[in-house]
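Chemist: whatever this is, show me its structure:
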Amino acid sequence: DLVAAIETILPNVGAERGLSAPLQPDLKDKLTQAMPGLKERAKTLIELLDSASYLYAQRPLALDDKARALLTDEGRARLAGVRPALEALPAWSEDAVRQYAEKAGCKLGQVAQPLRAALTGRTTSPPLFDVMAVLGRDETLARLGDQAPPG
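Modeler: So this is what the prediction gives:
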């Protein structure tokens with residue numbers, strides 16, 4: 001129902017976001033998959049649409065100031081470090097990121113926050129592993145590569 005409601009406002013607000021109604025089927029599917037995490041933070045349809053911007057943003061993502069601040073040399077090094085662990089997984093697992101953080105001698109947040117910034121362009125989003133699942137393996141790895149190209 002929320003995805004259908006978003007489509008009703010697109011004629012008025014979609015153009016400034018690069019969207020039009022009806023939504024493309026793949027984006028509609030991604031919105032539907034992401035909706036449980038998206039609706040927790042949004043109070044209006046506009047907020048819901050804007051919080052979903054990572055789903056329809058063009059690569060490379062434009063980073064907001066806070067995300068840019070997280071993607072320092074150290075943050076990008078952590079992305080480059082965790083990427084092989086993610087590439088080796090058949091499905092996403094928080095355990096791989098946790099294991100990388102432990103092996104690297106850092107806290108999970110020190111890996112998860114740069115991941116979130118690279119994948120969404122922001123420092124806030126639905127749960128990180130939900131974001132990764134909705135984006136899918138190829139898009140997730142491509143976005144990581146945009147911010148920390150493989151060596």
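Chemist: break down this structure into its helices, ranges please.
Modeler: 2-13, 25-39, 45-51, 53-56, 65-70, 73-87, 94-104, 108-120, 128-135, 137-147 (DSSP state H).
Chemist: want to try a markdown table for these, with mean neighbour count and distance to residue 19 as columns?
Modeler: (Each C-beta comes from the backbone N, C-alpha and C, glycine too.) Compiled in a markdown table, the helices of the chain are given as follows (neighbours: other CB atoms under 10 Å; distance: least, CB to CB, whole Å):
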| stretch | mean neighbour count | distance to residue 19 |
| --- | --- | --- |
| helix 2-13 | 14 | 6 |
| helix 25-39 | 16 | 8 |
| helix 45-51 | 17 | 8 |
| helix 53-56 | 18 | 6 |
| helix 65-70 | 15 | 21 |
| helix 73-87 | 17 | 28 |
| helix 94-104 | 15 | 31 |
| helix 108-120 | 21 | 17 |
| helix 128-135 | 20 | 17 |
| helix 137-147 | 17 | 18 |
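Chemist: check contacts around residue 54.
Modeler: 61, 119-122, 125, 131, 135 (CB atoms under 8 Å, 6 or more residues apart in numbering).
Chemist: residue 146 now?
Modeler: 59-61, 118.
Chemist: buried subset of those residues?
Modeler: For the contacts of residue 146, burial is judged from neighbour counts taken by 16 or more other CB atoms under 10 Å, and it is met by 61, 118.
Chemist: roughly how far is the helix or strand of the chain with the lowest mean pLDDT from the heart of the chain?
Modeler: Ranking every helix and strand in the chain by mean pLDDT, DSSP states H and E puts helix 94-104 at the bottom, with a mean of 89. How far helix 94-104 lies from its chain's middle: 19 Å, per CA atoms, centre = their mean, to the nearest Å.
Chemist: contacts for that helix, please.
Modeler: 78, 81-82, 85-86, 88-89, 107-108, 110-112, 115, 129.
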